[in-house]
Each structure stands twice: as structure tokens, then as C-alpha cells.
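Visitor: give me a 3D structure for the following:
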Amino acid sequence: MGRTKDRLEKALRERYDLSYLEHLAAEKKVPVFRGSFWYYFGGVSLFLFIVQVVTGILLLMYYQPGEQTAFESVRFIVTRVKFGWLIRSIHSWSANLMIFSVFVHMFSVYFSRAFRRPRELTWYSGFLLLALCLAFGFSGYLLPWNTLSYFATKVGTQMISVVPLVGPTLMEVMRAGKEVSTATLTRFFGLHVAVLPAVFTLVLGAHLMFIQLQGIAEPESWEGAGAERRRTMPFFPNFVLRDLLLWLIVLNVLAILAVAFPWELGRKVDPLASAPAGIKPEWYFLFMYQSLKFFPATILGLEGEAVGIGLFGLAGLLWFLVPLWDARTPAGARNRLLTYVGVGAVGFIIVMTIVGLR
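Guide: The predicted structure is shown next:
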């Protein structure tokens, strides 16, 4: 075993310059402090994306988009393909866990102020990754072509139509027509398995590059502190092994969820039937969906739902631009308004989601 390792290392050194990797393994350090646990959610999100890719490829071997084939192919996967039900459950559960993990990672970066200069691009690319994760969830939800996914997609795309001026056009572009149909299914399939993965991979590569170039953000409490107060650990092997251990734990949790609570297929959709009572979007859209219910029919002559969607769009833009409206805060100083806004956003999302689940 030792000789094989030596030969492999020698062969690599003859062909490639490994000095950069050796320097990375020897020199890169990771800050250790009370809140450093939250760092690991970035790695968990990456791991769950890898699970999504692997299980998605396996499902793609049998899935056939189409009005007469989509539901039947998924049913074939879960009933006839060996361990097909398990792969589908893992794919569905990992999608939800990935979105949850990315949300947690985003808020941990926000509250630790890790978006401040010079890490603005890391924040922007991370925000885009969250938006792409939500797009993955929305586009993949329709693919089983069952009753719940069909009418939930119909409700979700209908919400876009209330956007002033461009709303109806955007809805038709998303639906590939005026109604949710087989054309919509084909369009969502193309987005889910080709367009979104390609864009996500590019943005993810840029995000990881920014982190690699700038390192992991140190806590604000270290600003101006002496070396004796700065605890670090080597990125390799210490941080990597801890990351891998957490990946293993997440994999076990994922397996338990997939086996104990297999993802249901439901019934094939009948587009001519009435929508079932209580149709709701997935949990990660539920806080927005529930909030829109509290808007009156009209506000200053405008449709209430359109105003609500406009406010959510404005809030998303402001959240994306957080590094700009916090740019004047001195390094190491706390921005109380920023903290209050973050706590308010987390509380709002949790409360509205709970209300929407009832």
C-alpha cells in the first residue's frame, strides 16, 4: 500500500505542480470561536447539492417528461426499480434540507457580518445561490405531474401575473402558454435538469473561489485583538475531518427521513378537475404566500396582492444590497439597526410559516 502511494505521488509530481495544494494544506487556518459551528452549514449545503446531483442523475435514467409519461415513469421508479423509492425520497428530502441549510448559512453570515468589505462578492454570489435553490425547488415540484404539484404550480405562477405591466407576460413565459400544461412540464424539466444546474455550478464555483482567495471570515471581536486571543485550527486535516463528520451525520439523518417518511407520489393530475381544498406551496415559499393573504383587496387603487409582491421584491433587493447599506459602519463596530432587521426577518419568516402550516 505504501509503495503504491509513493508511486502515485511521484507520478503526480512529475506531471503537476502540487506546491499550491501543499501550501493550502499546511498554511490555511480556520478561526475557532464560540459561533464557529455555523461555518459548517456552508459545507453541509455543498454536500446536499452533491447528493442532489447524484440522485437526480439516477432518477433521470428512468424519468420521461410528458402528459402520458411523467407520472407513470415516477410510479415505475418507486414501484418497480430496485431502491427507486429510496433514491426519490433522498432526492426530495435532500432538496428541502439543502434549502433549509442555505437559509441558515445566509443568516449566520448576516449576523456575523461576514459580508463586509472585502467579502461583498461572496455575499452576492451566496444570495444568487439561494435564489437558484428556490428555483430548483419550484421547477422540480411539478415534475411528478401529480395533483398537488400541478395545482400548487398553478397557484405559484398565477401570483406572478399580478405584477404591474409585465406580470401576465412573465406568467405566460413561465407556463409556456396561458395555462399550466404539458408545455409547462417540458419547460420546467429543461430548466431543472439543464439550465439551473449549469448556472448553479458556475455561481457555486465563483462563490468557492471567493472564499478560497479571501479565507473564512474572522469574528468581529478579533478586530484589534492580540495573537493570544485568536484561536485557529488547520484547515487540513482538522476542519476537513470535522466537515466530513458532519456530512456523515447529515447523510444518516437523510437516510432515516427517506426510510421513515418516504416521499408520497399522490395521484395523477386531472387538469379538468377542481383544485383540492387547502393547496399550498412548499414550506420555503409559505411565508410569502401566507403574508399575501393579509393584504386587502386594493391599496390606494392598486391590487393588494400586487403591492405585496412588490414589497417582497423590494425587500429581496435590499437584502441583496446589504453590503452597500452597511458600508459606512466602521470595521469591528456593531450596527444595531442591522441586527434588528435580521432578527425581524427571521421572526417574520418563522411566524408566517407556522401560521401558513395550520
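Visitor: and the strands in the chain?
Guide: 29-31, 232-234, 298-299, 302-303 (DSSP state E).
Visitor: columns distance to residue 17 and mean pLDDT on top of those strands, output as a markdown table?
Guide: Backbone N, C-alpha and C define where each C-beta goes, glycine included. Converted to a markdown table, the strands of the chain look like this (distance: least, Cβ to Cβ, whole Å; pLDDT from 0 to 100):
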| stretch | distance to residue 17 | mean pLDDT |
| --- | --- | --- |
| strand 29-31 | 23 | 84 |
| strand 232-234 | 22 | 84 |
| strand 298-299 | 63 | 85 |
| strand 302-303 | 61 | 82 |
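Visitor: show me where pLDDT drops low in the stretch 1-150 of the chain?
Guide: Along the stretch 1-150 of the chain, segments meeting pLDDT under 70 span 1-2.
Visitor: can we see that at 90?
Guide: By pLDDT under 90, the weakly predicted segments of the stretch 1-150 of the chain are 1-39, 67, 112-114, 116-118.
Visitor: now do the helices in it.
Guide: 2-15, 19-27, 40-60, 70-79, 84-111, 120-141, 147-160 (DSSP state H, counting those that start in this stretch).
Visitor: hmm, who's touching the first one?
Guide: Right, helix 2-15. For helix 2-15, contacts defined as Cβ atoms under 8 Å, 6 or more residues apart in numbering pick out residue 18.
Visitor: just the angle between that helix and helix 19-27, please?
Guide: Helix 2-15 runs at 120 degrees relative to helix 19-27, counting by axes from the mean of the first three to the mean of the last three Cα atoms, to 10 degrees.
Visitor: go on, the last one?
Guide: Note on geometry: by the same axes, to 10 degrees, helix 147-160 and helix 19-27 are set 100 degrees apart in direction.
Visitor: packing partners of helix 147-160?
Guide: Helix 147-160 sits against helix 120-141, helix 167-175, helix 182-190, helix 283-292, helix 304-320, with contacts defined as 3 or more Cβ pairs under 8 Å, 6 or more residues apart in numbering; DSSP states H and E.
Visitor: and the second one, how far out from the chain's middle?
Guide: By that I understand helix 167-175. Centroid displacement of helix 167-175 relative to its chain, using Cα atoms, centre = their mean, to the nearest Å, is 24 Å.
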